[in-house]
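1. here is a sequence together with a model predicted from it:
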Amino acid sequence: MRNAVLAAIGDELLSGARLERNAHFMAGHFHAKGIDVKRIEIISDEEEEIISLLSRWVGQTDTLIISGGLGPTHDDKTRYAVAKYLGCGLKADNESYDRILSRVKGDSRRYSYTESVRDPQAMIPELAQTVYNPAGFALGIKFEREGTKVIALPGVPFEYEAMIRQELPEIFFADEKRTASVIILDTPEMHIAQKIPEVINHSGLHVSILPAFPQVELIIRGEPDTVSWAESFTRSKFEGLVLPEGSRSLADAVLIEARKKGAHIACAESCTGGLVGGSLTEIAGSSDVFNGSAVTYSNEAKNKILGVKIETLKNFGAVSSECAIEMAEGARRVYGADYAVSITGIAGPDGGSESKPVGTVWFGVAGNDSSRSVMKTLPGNRNEVRTRAVNFALAELWKEIRK
């Protein structure tokens with residue numbers, strides 16, 4: 001099996017000031033093509049660290065992809081480290097850099113800045129080749145040594161992705177399916193493992209089990225025929241609880257199901273502050289079935305926007321079955337939707353009581369024929385409660401549309 005190593009350079013990644021995204025992007029594509037990712041490393045901006053990385057993996061892996069350290073500032077040292085490793089100097093690839101300049105020649109300010117950083121951004125090691133940057137201003141670097149293809153690219157994610165597609169197009173071509181994702185609702189991971197031992201223990205498969213309440217995602221990897229069998233077998237064992245094939249998330253499944261039914265959906269949110277609507281509208285084309293979301297944080301907003309009765313709020317409180325149902329019914333009415341889901345709860349860290357502790361969340365679901373509510377006490381800090389609430393709301397909405 002072919003293999004690869006991914007590395008990211010930057011003190012800001014080690015300190016937690018920035019999230020590393022490029023290795024995550026690339027690892028998924030490698031796994032989908034049956035290429036084993038042996039290691040993902042994050043290292044500092046120091047030249048010695050970069051040289052050590054190269055010494056460690058050149059000759060030990062088929063492909064080494066490095067991101068970061070190719071900008072114009074003092075801490076961008078990748079080009080110098082690669083040159084030292086190769087035992088050569090740097091040269092300016094002015095032809096490639098002029099191509100970059102030609103993209104901004106109509107913008108005098110950007111043109112002037114891009115020209116001012118020609119040195120160092122046009123510089124590459126003499127024993128390496130240039131990787132043209134179709135989305136940014138820093139040139140990339142590539143070379144082969146001891147059977148390892150090394151590619152060093154800028155760390156800006158959209159530049160990295162554009163250059164990867166340019167340099168490794170075979171990774172993005174349609175190919176036989178070597179990876180499958182199966183998302184199962186309302187089933188503990190241990191129960192899943194016990195129900196499909198034929199898949200979990202199959203010597204030709206690698207199965208990852210990823211829980212994220214209220215779902216568990218199985219990532220199945222292997223040879224195409226074996227993966228296809230394992231996916232079909234798993235789906236047959238969890239009929240009614242497994243999200244439709246092709247859906248990559250709960251939000252995706254909701255939109256797919258709504259389209260199948262020709263239905264329109266809406267939501268009303270309090271403690272999640274619009275995260276349900278955000279997860280749906282993150283997906284391109286959601287406007288064909290998603291009508292809107294009301295963020296009604298205060299009691300006044302719940303009353304004036306959604307029509308939640310003052311008596312309901314006084315007698316039962318905002319965090320209650322009655323309020324959740326009226327919120328869902330109000331969202332369905334206001335947005336002219338067939339189905340709506342609502343969330344109202346206590347995300348914390350304050351605001352809880354003995355009868356309604358932090359993590360108490362009520363969900364309302366309104367459909368064409370009836371309305372219902374369900375309560376969950378969700379664990380975790382504020383962000384974790386909110387994230388779990390969003391996932392549970394989407395799962396309930398999917399089940400309502402599906403039935």
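-> Right, received. Where do you want to start? Numbering: from 1, shown residues only.
2. distance between the helix or strand containing N391 and the chain's centre?
-> Element membership of N391 [criterion: DSSP states H and E] is helix 382-402. With C-alpha atoms, centre = their mean, to the nearest Å as the basis, helix 382-402 stands 17 Å off its chain's centre.
3. residue ranges with poor pLDDT in the protein?
-> 1, 173-176 (pLDDT under 70).
4. domain assignment for it?
-> 3-171, 179-237, 250-402 (automatic domain parsing).
5. how about JSON lines for those, with distance to P244 and mean neighbour count added?
-> Using the backbone N, CA and C atoms, a C-beta is placed for each residue, glycine as well. Output for those, formatted as JSON lines (distance: least, C-beta to C-beta, whole Å; neighbours: other C-beta atoms under 10 Å):
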{"stretch": "domain 3-171", "distance to P244": "20", "mean neighbour count": "18"}
{"stretch": "domain 179-237", "distance to P244": "9", "mean neighbour count": "17"}
{"stretch": "domain 250-402", "distance to P244": "5", "mean neighbour count": "20"}
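6. for A27, see how far away the closest residue in space to S208 that isn't next to it in sequence is.
-> Sequence neighbours aside, I219 is the residue nearest to S208 in space, at 4.2 Å (criterion: C-beta to C-beta, 6 or more residues apart in numbering). Distance, I219 to A27, by C-beta to C-beta, to the nearest Å: 11 Å.
7. what's the answer for R221, then?
-> Distance from R221 to A27, by C-beta to C-beta: 12 Å.
8. repeat that for E329.
-> For E329, the distance to A27 - C-beta to C-beta - is 44 Å.
9. would A162 count as being in a strand?
-> No - read with DSSP: H, G, I helix; E, B strand; the rest coil, A162 is helix and lies in no strand.
10. what's near enough to touch it?
-> Shown in contact with A162 (C-beta atoms under 8 Å, 6 or more residues apart in numbering): 133-135.
11. equivalent analysis for N3, please.
-> 35-38, 61-63 are the contacts of N3 under C-beta under 8 Å, 6+ apart.
12. and if you look at G59?
-> 145-148.
13. nearest residue to G285 in space, please, no chain neighbours.
-> L255 (7.8 Å).
14. who touches R235 in this structure?
-> 182, 242, 245 are the contacts of R235 under C-beta under 8 Å, 6+ apart.
15. how about a cut-off of 7 Å?
-> By C-beta atoms under 7 Å, 6 or more residues apart in numbering, R235 lies in contact with 182, 242.
16. could you dump the contacts of N3 to TSV with secondary structure?
-> Output for the contacts of N3, formatted as TSV (three-state DSSP):
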residue	secondary structure
I35	coil
D36	strand
V37	strand
K38	strand
T61	strand
D62	coil
T63	strand
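17. any idea how far stretch 255-272 is from the chain center?
-> 21 Å.
18. ok, stretch 318-334 next?
-> Distance, centroid of stretch 318-334 to centroid of chain: 30 Å (C-alpha atoms, centre = their mean).
19. which stretches of the stretch 301-403 of the chain form helices?
-> In the stretch 301-403 of the chain, helices defined by DSSP state H, counting those that start in this stretch lie at 310-316, 321-335, 382-402, listed in chain order.
20. Throw the ones you listed into a markdown table and include distance to R56, thanks.
-> Shown next, in a markdown table, are the helices of the stretch 301-403 of the chain (distance: least, C-beta to C-beta, whole Å):
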| stretch | distance to R56 |
| --- | --- |
| helix 310-316 | 62 |
| helix 321-335 | 55 |
| helix 382-402 | 36 |
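21. closest one to G348 among the ones you listed?
-> helix 382-402 (5.0 Å; C-beta to C-beta).
22. using PDB, write out every CA atom in that closest one.
-> Extracted in PDB, the C-alpha atoms of helix 382-402 (Å, rounded to 0.1, in the frame of the first residue of the first chain):
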ATOM      1  CA  ARG A 382     -21.600  25.500  27.200                       C
ATOM      2  CA  ASN A 383     -20.200  24.800  23.700                       C
ATOM      3  CA  GLU A 384     -20.600  21.100  24.100                       C
ATOM      4  CA  VAL A 385     -24.200  21.400  25.300                       C
ATOM      5  CA  ARG A 386     -25.000  23.700  22.400                       C
ATOM      6  CA  THR A 387     -23.300  21.400  19.800                       C
ATOM      7  CA  ARG A 388     -25.100  18.300  21.200                       C
ATOM      8  CA  ALA A 389     -28.400  20.200  21.200                       C
ATOM      9  CA  VAL A 390     -28.000  21.100  17.500                       C
ATOM     10  CA  ASN A 391     -27.300  17.500  16.600                       C
ATOM     11  CA  PHE A 392     -30.200  16.100  18.600                       C
ATOM     12  CA  ALA A 393     -32.600  18.700  17.000                       C
ATOM     13  CA  LEU A 394     -31.500  17.800  13.500                       C
ATOM     14  CA  ALA A 395     -31.900  14.100  14.300                       C
ATOM     15  CA  GLU A 396     -35.500  14.700  15.600                       C
ATOM     16  CA  LEU A 397     -36.300  16.800  12.600                       C
ATOM     17  CA  TRP A 398     -35.000  14.100  10.200                       C
ATOM     18  CA  LYS A 399     -37.000  11.400  11.900                       C
ATOM     19  CA  GLU A 400     -40.200  13.500  11.800                       C
ATOM     20  CA  ILE A 401     -39.900  14.200   8.100                       C
ATOM     21  CA  ARG A 402     -39.000  10.600   7.400                       C
END
